[in-house]
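Colleague: structure of the sequence below:
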Amino acid sequence: MDRGRPGTYGGLPLSAVKRSAAAGSKGEVTTMGDIFRLAEESDTGQLLTLIEGAYRAIRDLNIDFRATRADYEFVRTNMEENACYVLERDGRISATLSLKYMEEVSVYPFLFMFAVHPAEQSQGVGSRLLRYVEEEIVRDTLLSPASTLATSRKHPWLLPFYERKGYQPFYERDLGTDDQLVFMIKNLRSGSGTDREDPVHSSGETGAERYSFPGDLKKI
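Modeller: Below you'll find the model as predicted:
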């Protein structure tokens, strides 16, 4: 099981996941009328509108997330370089969530740019997409025992939101001039190693702070 090579955690690399999805009816999965699939280039404009609307409140709080400054090229490049998933309902993209690896922080897949259409917030739409990516993609396709993400410490409700979803903080670094970016991890399998002990802090070759977990085969 190769847990050290970027872009894979013992299962398919992200590039293979994307190719497999493209080969099978766009990789669509339909559940209770909701379509879960990878975003396509034709979705770029709709995704940009969704992200701009969803991140407006975060921008107003002066939280320095890159998505608050999203433009067409940023959204298109993210779809090309990472795995960008969407939940489509009644022909419209209702939510999006992207997936990549941040090897400088953790070997586990990293979820980011989570956005729900403003008209459909607080209706469980985002939670459905988050659960789909965690379970169907990260756990069952990439075969990773855990997923990670990051959020702002000064945001009024995002940190407790992710804690209710099962995530636990394990590392922080500066975000802008007056905030902290809190990295969080969720155990997706009991007995995976992520739930047995506290994270083990070490220092990578570049000097960046790193965290691993017992049972992790990656040499850091």
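Colleague: quick one: the strands in the protein, in order.
Modeller: 29-31, 34-38, 83-89, 92-101, 109-116, 146-152, 168-175, 179-187, 200-203, 209-212 (DSSP state E).
Colleague: end to end, how far does stretch 56-68 reach?
Modeller: In stretch 56-68, first residue to last residue: 7 Å (C-alpha to C-alpha, to the nearest Å).
Colleague: hang on, I meant stretch 47-61
Modeller: 22 Å.
Colleague: contacts made by it with the rest, please.
Modeller: Contact with stretch 47-61 is made by 39, 65, 67-68, 70-72, 75, 79, 84, 86, 93, 95-96, 113, 115-118, 121, 152, 154-156, as judged by C-beta atoms under 8 Å, 6 or more residues apart in numbering. For every residue, glycine as well, the C-beta is placed using N, CA and C.
Colleague: and if we set it to 7 Å?
Modeller: The contact list for stretch 47-61 (C-beta atoms under 7 Å, 6 or more residues apart in numbering) reads 39, 65, 67-68, 70, 72, 75, 93, 96, 115-118, 155.
Colleague: tell me which of those residues fall in helices.
Modeller: Those of these mapping onto helices are Y72, V75, per DSSP state H.
Colleague: and the contacts of stretch 47-61, which of them are buried?
Modeller: Burial by neighbour count, 16 or more other C-beta atoms under 10 Å: within these this picks out A39, F65, A67, T68, A70, V75, I93, T96, A115, V116, H117, H155.
Colleague: any chance of the residues you listed in CSV, plus pLDDT and distance to E134?
Modeller: Formatted as CSV, those follow (pLDDT from 0 to 100; distance: C-beta to C-beta, whole Å):
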residue, pLDDT, distance to E134
A39, 96, 18
F65, 95, 21
A67, 95, 20
T68, 94, 24
A70, 96, 23
V75, 97, 22
I93, 97, 19
T96, 97, 15
A115, 96, 16
V116, 96, 16
H117, 94, 20
H155, 94, 21
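Colleague: on that earlier part again, taking the contacts of stretch 47-61 together, which two end up most distant?
Modeller: Y72 and H155 (25.9 Å; C-beta to C-beta).
Colleague: and the spatially most central residue of the chain, what does it touch?
Modeller: Nearest to the mean C-alpha position of the chain, by C-alpha atoms, centre = their mean, lies L111 at 1.0 Å. Residues near L111 by C-beta under 7 Å, 6+ apart: L97, L99, V133, S147, L149.
Colleague: just to revisit the earlier point, any chance of the strands of the chain in CSV, with distance to I137 too?
Modeller: Conversion of the strands of the chain to CSV gives the following (distance: least, C-beta to C-beta, whole Å):
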stretch, distance to I137
strand 29-31, 10
strand 34-38, 9
strand 83-89, 7
strand 92-101, 7
strand 109-116, 8
strand 146-152, 9
strand 168-175, 21
strand 179-187, 13
strand 200-203, 26
strand 209-212, 22
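Colleague: phi, psi for E104 please.
Modeller: E104 adopts backbone torsions of phi -70, psi -10, taken as degrees, to the nearest 10.
Colleague: and it, how many neighbours?
Modeller: Neighbourhood size, E104 [other C-beta atoms under 10 Å]: 10.
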